[in-house]
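In: Provided below for reference: sequence and predicted model.
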Amino acid sequence: NAGVTQTPKFQVLKTGQSMTLQCAQDMNHNSMYWYRQDPGMGLRLIYYSASEGTTDKGEVPNGYNVSRLNKREFSLRLESAAPSQTSVYFCASSVVDSPLHFGNGTRLTVT
Amino acid sequence: GQQLNQSPQSMFIQEGEDVSMNCTSSSIFNTWLWYKQEPGEGPVLLIALYKAGELTSNGRLTAQFGITRKDSFLNISASIPSDVGIYFCAGPVLGTYKYIFGTGTRLKVLA
């Protein structure tokens, strides 16, 4: 049972480059989330999608875009990466009113 | 925005000791979640609480939903080396699907 799968696991970008982080879940969950984790800051919500076809901003959306491609997939795009976006990115999913299930993260470094 | 304040930030304890940590908010929550994160992995759910005053156990872990609905507590009894990790509280902002997280308590257990 794969759960939440994130790709890639590691990525190094130069400032100004773009990339898309992929997330897929096989649990038939309605809601999907993107968080970033920085030392001492906990997990901060970037964007979420309560259901297929909807997306909403979280606490730190600036510099990111998302696409809920279908019920299974929710991607996060950095159009022009900045060093401040160096972080570990986690995708999560849930059914309504149930706890989040997380992937194992994408470790992104922007130089 | 809303914040979840966790304390302590970090703890160093001897194997066999009991551990207590807590999470507070200025706003009420209808759900409190406790997660554990080990190095290189995503957070994993430990305990979910859905009712004010609720006390729930999972093995050596016990969590309580505060009666004011603005706080929650996690206790670990008789700690062992594999308890090492970061413990996060989390909850959905009232009336939304937006889950926010505390800044975490980093636990180290000395054998």
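Out: Received, thanks. Just so we're clear, the structure is a prediction, and the values are computed from it rather than from any experiment.
In: Quick one: the strands in chain B, in order.
Out: Assigned by DSSP state E, the strands in chain B fall at B:4-7, B:10-14, B:19-25, B:32-37, B:44-49, B:55-58, B:61-65, B:71-76, B:85-92, B:99-101, B:105-110.
In: Leaving out chain neighbours, which residue sits closest to residue B:19?
Out: Residue nearest to residue B:19 in three dimensions, not counting chain neighbours: residue B:76, with 4.2 Å by C-beta to C-beta, 6 or more residues apart in numbering or on different chains. (Glycine included, C-beta is placed from N, CA and C.)
In: that older thread, need the strands of chain B in JSON lines (columns: distance to residue A:11, mean neighbour count and mean pLDDT).
Out: Shown next, in JSON lines, are those (distance: least, C-beta to C-beta, whole Å; neighbours: other C-beta atoms under 10 Å in any protein chain shown; pLDDT from 0 to 100):
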{"stretch": "strand B:4-7", "distance to residue A:11": "29", "mean neighbour count": "18", "mean pLDDT": "94"}
{"stretch": "strand B:10-14", "distance to residue A:11": "29", "mean neighbour count": "12", "mean pLDDT": "95"}
{"stretch": "strand B:19-25", "distance to residue A:11": "32", "mean neighbour count": "20", "mean pLDDT": "97"}
{"stretch": "strand B:32-37", "distance to residue A:11": "20", "mean neighbour count": "24", "mean pLDDT": "97"}
{"stretch": "strand B:44-49", "distance to residue A:11": "24", "mean neighbour count": "18", "mean pLDDT": "97"}
{"stretch": "strand B:55-58", "distance to residue A:11": "35", "mean neighbour count": "13", "mean pLDDT": "96"}
{"stretch": "strand B:61-65", "distance to residue A:11": "35", "mean neighbour count": "20", "mean pLDDT": "98"}
{"stretch": "strand B:71-76", "distance to residue A:11": "34", "mean neighbour count": "22", "mean pLDDT": "98"}
{"stretch": "strand B:85-92", "distance to residue A:11": "23", "mean neighbour count": "24", "mean pLDDT": "96"}
{"stretch": "strand B:99-101", "distance to residue A:11": "23", "mean neighbour count": "24", "mean pLDDT": "94"}
{"stretch": "strand B:105-110", "distance to residue A:11": "26", "mean neighbour count": "17", "mean pLDDT": "95"}
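In: for the ones you listed, which one sits closest to residue A:23?
Out: strand B:99-101 (15.5 Å; C-beta to C-beta).
In: does any bit of that closest one sit next to chain A?
Out: Yes: judged by C-beta under 8 Å from any C-beta of the partner chain, strand B:99-101 and chain A are in contact via B:99, B:100, B:101.
In: separation between the second one and residue B:70?
Out: The reference is to residue B:100. Look at residue B:100 and residue B:70: by C-beta to C-beta, to the nearest Å, they are 14 Å apart.
In: try the last one
Out: Using C-beta to C-beta, one gets 16 Å for the distance from residue B:101 to residue B:70.
In: Just want the residue of chain B that's nearest chain A.
Out: Across chain B, no residue is closer to chain A than residue B:42, which sits at 3.3 Å (C-beta to the nearest C-beta).
In: so what's the residue located most distally from the centre of chain B up against?
Out: Of all residues in chain B, residue B:111 sits farthest from the chain's C-alpha centroid, using C-alpha atoms, centre = their mean; the distance is 22.7 Å. Neighbouring residues of residue B:111 by C-beta atoms under 8 Å, 6 or more residues apart in numbering or on different chains: B:15, B:81.
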